[in-house]
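> Have a look at this prediction, sequence included:
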Amino acid sequence: MHNIKDIRDNFDKFKNIIKSRNTNIDFDQLIELDIKNRKLIHEKETLEKEKKEISKKNDKSLFDRSKKISEKIINISKDQNLIKSKLDLLLSSIPNIALEDVPIGDDESSNKEVLKSGTINKFDFKPKSHYELGEKLDMLDFELATKTTGSRFVFVKDKLALLERALANFMLDIHTIKNGYKEISPPLMANNLSMFGTGQLPKFENDQFEVKIDEKSGRKFLIPTAEVILTNMVREQIISSKDLPIRLVALTPCFRKEAGSYGKDTKGIIRQHQFYKVELVSIVENDKCIDELERMTNCATMILDKLKLPYRKVILSTGDMGFSAEKTYDIEVWLPSENKFREISSCSSCGTFQSRRMKARYKNKNNETEFVGTLNGSGLAVGRTLIAVLENYQNSDGSINIPDVLKPYMNNLEKISNI
RNA sequence: GGAGAGAUGGCUGAGCGGUUGAAAGCACCGGUCUUGAAAACCGGCAAAGGGGCAACUCUUUCCUGGGUUCGAAUCCCAGUCUCUCCGCCA
């Protein structure tokens, strides 16, 4: 969430910058509401001051006057609250501003590749897709999931279930032991305040699964990513700068409606309503965001390096970035069956955009209170890593070799086959 | 599910109708002292919002929302959350 003061002071500049973020914000209305709001605040405060003075004097002859003032204040407050909530709704629907080195563009075609790593395996046969391989092994079962649940769900069975678990454990070990992240096993549901804090609400409510506990309890949502719950751990807190940075990692299922992507990636497990992801979150002093983003992205690519999977790293363009991000690196892994790179991780710095929404602050060296910087990144999406291993490590007979680093996690199994 | 207790500043914790935005301690920042550090002493230190170029100033805020009152952290009502005991249970 942006500071209305900043918008007011740099109105034209701000308006232009937001244009590149693919949104339609009624800036005229925003300014109008801001002016009305401040006018009402001023009126209210003038009356409040008078009332306060009367109360201090403790003079009975003035008590009637005070009563009248109270009525006026109530009326003005009502108007002001209405205006303020309209203003807040508008304000909370404005996306973050991109950093200067982010390419400007409407969509993914403007993304900029910054790194390519690993060698692409040349197959002397036509490589199969992960779902062909998985179904042939009888270890990915879509029909069964359709029966028990519905589309965009899957059963992962037998050695592939083990492989999935091995991947998750391997990632967690790297991030906790090598990269200094603290492991968290969080709630998989978040309340509406948390969802607002990281930016899923109010704008993206349609993508979320809402869960009802009972009539009385507040709104709850299945987390679309652990980012929501990990980042909100510091909501409404003032942290001492010596406790920063905070680096957290969690393995959780993620739940997404994938509204608006009907017909996209319908085959396989690329796009599911439920998937495992290892998520990294950093809470840092707000001037450290850029460095932390590089660090976090390296932590994510480290996993692919160790798995010996070829990948590339791209900076997302302004039109392709998420709502809360100021800069995002996508890491894309090579999928032989599609003959292209597909997203496997997304690492974003949100600057102070989320912390303003969450009121998450810290005391800086001068003992001043400032908003923290927040970052999040996948390290990595487990389901998609499973795809990448299947496709890149496949043999012509449909069996799958196990990457060396995973063997200790799989009882030293060398190969997955259905024999 | 039954019965109680509680929610105050970054933290701990006093206050229970009127100079209380709030004692005290801790933490933190600045200074004196010290070769340096520690200790000791002195001073500072809540947040949000409005106005002002600024110094500064005004308003609000003691869980949330209502109410009583000229006046509420303090009294009343409702809700949320936390803790303790009993029951049930993975």
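In hand now; what should we look at? Numbers count the residues shown, from 1 in each chain, chains lettered A, B, ... in the order given.
> hang on, A:N232 in a helix?
Yes: counting by DSSP: H, G, I helix; E, B strand; the rest coil, A:N232 is found in a helix.
> doesn't A:G199 make contact with it?
No: between A:N232 and A:G199 there is no contact under C-beta atoms under 8 Å: 11.2 Å. Where you see a C-beta, it was placed from the backbone N, CA and C, and this is true even at glycine.
> who in the stretch 151-300 of chain A is up against RNA strand B?
Within the stretch 151-300 of chain A, the positions lying close to RNA strand B (C-beta under 7 Å from any atom of the strand) are A:216-218, A:238, A:240.
> try 10 Å this time
Applying C-beta under 10 Å from any atom of the strand, we find that the stretch 151-300 of chain A lies next to RNA strand B at A:191, A:213-218, A:236-243.
> Sort out for me which of these are in helices.
With DSSP state H as the criterion, helices contain none of those.
> now, the most widely separated pair of those?
For these, the maximum inter-member distance is 44.8 Å, found between A:E215 and A:K242 (C-beta to C-beta).
> Please type out the PyMOL selection for whichever of the residues of the stretch 151-300 of chain A next to RNA strand B turn out to be buried.
Burial among these is assessed by 16 or more other C-beta atoms under 10 Å; the matching PyMOL selection reads:
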select buried, chain A and resi 191+239
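> Grab the nearest non-local neighbour of the residue of the stretch 301-419 of chain A found nearest RNA strand B.
Using C-beta to the nearest atom of the strand, A:T369 is the residue of the stretch 301-419 of chain A that sits closest to RNA strand B, at 3.6 Å. Excluding the flanking residues, the one nearest A:T369 by C-beta to C-beta, 6 or more residues apart in numbering is A:R361, at 5.0 Å.
> I figured the one you found hits A:E368, correct?
No: judged on C-beta under 8 Å, A:R361 makes no contact with A:E368 at a distance of 9.8 Å.
> Who has more neighbours out of these two?
Neighbours were tallied for A:R361 and for A:E368 using other C-beta atoms under 10 Å; the higher tally belongs to A:R361 (20 against 9).
> contacting residues around that one?
Counting by C-beta atoms under 8 Å, 6 or more residues apart in numbering, A:R361 makes contact with A:237-239, A:355, A:369-372.
> do the same with A:E285
A:241, A:244-245, A:362, A:364, A:370, A:372-373.
> The same query, at a cut-off of 7 Å, please.
Residues near A:E285 by C-beta atoms under 7 Å, 6 or more residues apart in numbering: A:241, A:244, A:362, A:364, A:373.
> Then A:S240?
Going by C-beta under 7 Å, 6+ apart, the list of residues near A:S240 reads A:362-363.
> so it bridges to which residues?
Beta-bridge pairing for A:S240 (DSSP bridges): A:K363.
> Which single residue of the stretch 101-250 of chain A ends up nearest RNA strand B?
Scanning the stretch 101-250 of chain A for the residue nearest RNA strand B gives A:I238, at 3.7 Å (criterion: C-beta to the nearest atom of the strand).
> Can you tell me how far that residue is from A:N367?
Here A:I238 is placed at a distance of 11 Å from A:N367 (C-beta to C-beta, to the nearest Å).
> ok, now A:K126?
A:K126 sits 65 Å away from A:N367, going by C-beta to C-beta.
> which other residues reach stretch A:367-375?
Against stretch A:367-375 from outside (C-beta under 7 Å, 6+ apart): A:231, A:234, A:238-239, A:281-286, A:288-289, A:292-293, A:296, A:348-352, A:354-356, A:360-364.
> Looking at those residues, which are in strands?
Secondary structure defined by DSSP state E assigns A:238-239, A:281-284, A:348-349, A:361-363 of these to strands.
> A:S346 - that's part of a strand, no?
Yes: with three-state DSSP as the criterion, A:S346 is part of a strand.
> Is it bridged to anything, and to what?
A:D330.
> which residues does it contact?
So A:S346 contacts A:328, A:330, A:377-378 (C-beta under 7 Å, 6+ apart).
> out of the residues you listed, which are inside strands?
Using DSSP E, the contacts of A:S346 in strands are A:328, A:330, A:377-378.
> and the contacts of A:S346 as a markdown table, adding neighbour count, distance to A:S317 and pLDDT?
Below are the contacts of A:S346 laid out as a markdown table (neighbours: other C-beta atoms under 10 Å; distance: C-beta to C-beta, whole Å; pLDDT from 0 to 100):
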| residue | neighbour count | distance to A:S317 | pLDDT |
| --- | --- | --- | --- |
| A:T328 | 26 | 9 | 98 |
| A:D330 | 25 | 11 | 98 |
| A:G377 | 27 | 18 | 97 |
| A:S378 | 28 | 19 | 97 |
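> need the next SSE after the helix-or-strand element of chain A with minimal mean pLDDT, C-terminal direction.
In chain A, no helix or strand scores lower on mean pLDDT, DSSP states H and E than strand A:238-240, which sits at a mean of 85. The helix or strand immediately downstream of strand A:238-240 is strand A:246-255, counting by DSSP states H and E.
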